[in-house]
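Student: Quick one: sequence plus predicted model below, questions after.
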Amino acid sequence: AGSGRLAEIFGKEWIEVDKMFRTFGVPVKAKQEADRFRLKSSAEIYQYATAYLEGVNTYIHESRTPMEYTIAGIEKEPFTLEDMHHVAGAMSFNFAQALETDPLLTHMKDVLGPRYMASLEFGTPEDNVNVPVYPVKRSDSIPSEMDAIPRLSFPELQIDSDALSKYIGMGIGTFYGSNTWAIAPKNTEDGHTLLANDTHIGYAQPCTWYEAHIEYPGQRIYGNYMAGIPFALVGHNATSAWGVTMLLNDDMDLYCEQVNKSAK
């Protein structure tokens with residue numbers, strides 16, 4: 001999906017999805033980043049990445065062919081640095097919450113009106129409490145005047161794009177947020193730091209994560225890897241632990257374009 005080549009495998013009905021990812025510039029950006037990595041990365045990191053690629057491609061050439069390739073008639077190809085960035089590009093697209101949030105809020109503003117928008121409390125309330133550690137009692141009552149507000153019709157809130165609908169309908173795991181907790185040694189029973197990381201990434205096939213425990217002279221590492229990426233995004237070794245979280249920030253603006261069909 002990230003490389004814009006689904007139609008090669010599944011047929012012409014997927015051309016619109018390929019056009020979408022190519023319009024977003026994922027394949028072009030992947031090549032740019034791969035070229036930049038070759039020129040500017042440290043020798044050690046580059047060595048690790050190419051060693052990972054060598055292992056993947058050795059398996060591709062010498063080991064069994066996955067059943068999916070046989071069923072779909074897909075020709076195996078070497079895995080490249082560009083492919084690593086295709087994976088990252090497709091993943092980052094799943095964090096583009098604006099594709100869902102902006103149409104929803106626009107519908108609320110235009111159809112339901114400012115009174116409905118007011119309940120969303122844009123901005124930080126004056127009485128905001130960060131990371132509450134006690135139950136917050138909230139009223140379950142709903143003002144009777146709310147009954148007059150029309151119910152949301154979900155089909156009206158979707159972007160009118162066959163390509164986007166097809167891509168979301170592929171069943172690729174949903175990537176929504178994450179959290180990490182760190183507890184200082186003075187607050188733990190054994191005097192060691194505790195780190196808990198939850199990536200909130202849904203199940204998918206192919207699977208998003210795979211576990212690996214690697215030991216060699218001078219190193220011991222266990223972690224969760226993303227297929228195609230040579231470094232553990234979540235894991236630990238004998239001395240350190242790390243995790244990854246994603247902030248759902250507003251990094252995209254959508255514009256409603258009206259096409260003048262009478263113009264030449």
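Tutor: Received, thanks.

Student: what mean pLDDT does stretch 70-88 have?
Tutor: Average pLDDT, stretch 70-88: 90.

Student: So which bits of it are buried?
Tutor: Buried residues in stretch 70-88, counted by 16 or more other Cβ atoms under 10 Å: 79, 81, 82, 83, 84, 85, 86, 87, 88. Bear in mind the C-beta positions are built from the backbone N, C-alpha and C, glycine included.

Student: Let's verify the last one: helix, strand, or coil?
Tutor: Classification of residue 88 by DSSP: H, G, I helix; E, B strand; the rest coil places it in helix.

Student: residues near the residue lying closest to it once chain neighbours are set aside, how many?
Tutor: Spatially, and ignoring its direct neighbours in sequence, residue 88 is nearest to residue 229 (7.2 Å; Cβ to Cβ, 6 or more residues apart in numbering). When counting by other Cβ atoms under 10 Å, one arrives at 15 neighbours for residue 229.

Student: In contact with residue 251, which residues?
Tutor: Residue 251 is in contact with 96, 98, counting by Cβ atoms under 8 Å, 6 or more residues apart in numbering.

Student: May I have the phi/psi pair for residue 219?
Tutor: Reported as degrees, to the nearest 10, the phi and psi values for residue 219 are phi -150, psi 140.

Student: before we move on, what about the one 10 residues further on?
Tutor: The main-chain torsion angles of residue 229 are listed as degrees, to the nearest 10 and equal phi -110, psi 130.

Student: wait, it sits on residue 85?
Tutor: No: using Cβ atoms under 8 Å, residue 229 makes no contact with residue 85, being 9.7 Å away.

Student: Go ahead and name everything in contact with the lengthiest helix in the chain.
Tutor: Among the segments of the chain that qualify as a helix by DSSP state H, the longest is helix 43-62. Helix 43-62 is contacted from outside by 37, 38, 41, 76, 77, 78, 79, 80, 81, 84, 230, 231, using Cβ under 8 Å, 6+ apart.
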